[in-house]
Every structure is written in C-alpha cells, then in structure tokens.
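> Quick one, fold the following:
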Amino acid sequence: MQPCLKAAKELVGKILVRVKEDRIYSGKIVETEAYLGSRDAASHSYKGLTQRNRFMFSEGGIAYVYFTYGNHYCINAVIGKEGTAHAVLIRAVEPLTGIEYMKKNRGINDIYSLCSGPGKLTKAMEISTSLNGENLSGDVLFITEPGGLHKPVIKRTKRIGITKNTDVLYRFIEKGSNFISRSKFNRIT
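Below is the predicted model:
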C-alpha cells in the first residue's frame, strides 16, 4: 500500500491531543482522508508549491493547518519525505477529554456533533493556522497511541466534499462509529 494511504489507515484509532494553556483536548481519530500530492487533483499540492501549502512539502511528522471556505480550519498530518507533499486530513475524532470546553467552543451539547467534521474538530479543539507547521510529536499538538488493546475495524471509502478525483478510495473510517462526518455526500452502509 502507498505510504500516505497506509498512514491514513493507521491514524484511525490513534489519539489527537491539543494542549492550550490549562486545557487539554483529546479525541480518538475515527475518520481520515489521504491526499497524494502531484498525483492527486484534489490535493492542495497538485499544482505545486505555494505559500499556503508550503508545509505539505516538509518532512513528515508536522501539521498542515489551513483556513477554508472563509469560515473554518482543517488539520492534516504531513506524511513522507520532504518534497512529496502528501498529507492526511483528520476529518473527525471521538471526543475523549476537554469535552466541556469543546461544547463551549462549539456552542452545542451534542457530543456526536462536536468533532464530526474537519472544521468542527478544529473549532472544538482550538486548532488554527497558528499551529501550521507544528511538530506532531511536540507538547502542544501531538498524535499518540491509545491505551488498551482495542483495534478498530476500518472501512475504506470515497472521499467526501470534494469535486476532483472523487472515485478513489482514500477515506478511512472506523466502522460503526457515531462520530464520523455528517454530510449529504456521506453514503456509508
């Protein structure tokens, strides 16, 4: 399996942690999407290096955070060697810690909707472009192994909410999760 696709699959079940001042947010990753650089018309790096996507071209292990649709942020884990511009979008997490702060940040109480989409999870966990380029093994933003032995059953599907390269199976979800993205494009059986 291609390294970026493998990473997208392996990130499902890991824990995303955000530390901000006295608050700690965490969530189990339940949905990801792979974006394969110049080979993938849906990728921000498809047409090459720009100021916006420059962190995608970095050595793997950092965050690529961008602002989209004029109203929300998305977080990606950069994967692979410098110059390959592969990244994995973290689409949704199952909230674990900091839930009361997440509810306040989002202005909702429904735990299933707190982080069930890329813009929702970044708002809930206070992730913005100030974290663009942040080391994902650092103290502020990191991905860690879950405690326990539960290994999720993962389903591979088409990506959602995009208009280019729509037929590839580059989305990975935890099968049966109630915390994945809710979308008119979401056709999970």
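
> How much space separates the closest residue to Ser128 other than its chain neighbours from Phe179?
Using C-beta to C-beta, 6 or more residues apart in numbering and skipping the chain neighbours, the partner closest in space to Ser128 is Tyr73 (5.3 Å). Quick note: C-beta positions are derived from backbone N, CA and C, even for glycine. Distance from Tyr73 to Phe179, counting by C-beta to C-beta, to the nearest Å: 19 Å.

> neighbour count winner among those two?
Phe179 (24 against 21; other C-beta atoms under 10 Å).

> which strand is the longest one in the chain?
strand 23-36 (DSSP state E).

> and Lys164, what is it in contact with?
Lys164 is in contact with 41-42, counting by C-beta atoms under 8 Å, 6 or more residues apart in numbering.

> same question, Ala87
4, 34-35, 43-45, 56, 64, 76-79.

> quick one: the strands in the chain?
15-20, 23-36, 63-68, 72-79, 86-97, 141-144, 154-157, 171-174.

> quick one, which of those strands is nearest to Lys9?
Lys9 sits nearest to strand 171-174 of all the strands of the chain, at 4.8 Å, using C-beta to C-beta.

> Determine how far that closest one lies from the middle of the whole chain.
Offset of strand 171-174 from its chain centre (C-alpha atoms, centre = their mean, to the nearest Å): 11 Å.

> what's in contact with it?
So strand 171-174 is contacted by 8-9, 11-13, 28, 30-34, 91, 152-160, 180, 188 (C-beta under 8 Å, 6+ apart).

> How about Thr166: what's its closest non-neighbour residue?
Nearest to Thr166 is Lys158, by C-beta to C-beta, 6+ apart, at 6.3 Å.

> what about the one you found, how many neighbours?
By other C-beta under 10 Å, neighbour count at Lys158 equals 16.

> Correct me if wrong: it contacts Ala34.
No. Lys158 is not in contact with Ala34 according to C-beta atoms under 8 Å; the separation is 11.8 Å.

> Touching both of these two, which residues are there?
With C-beta under 8 Å, 6+ apart, Lys158 and Ala34 have common neighbours 170-171.

> If anything else comes up later, I'll come back, but that's it for now.
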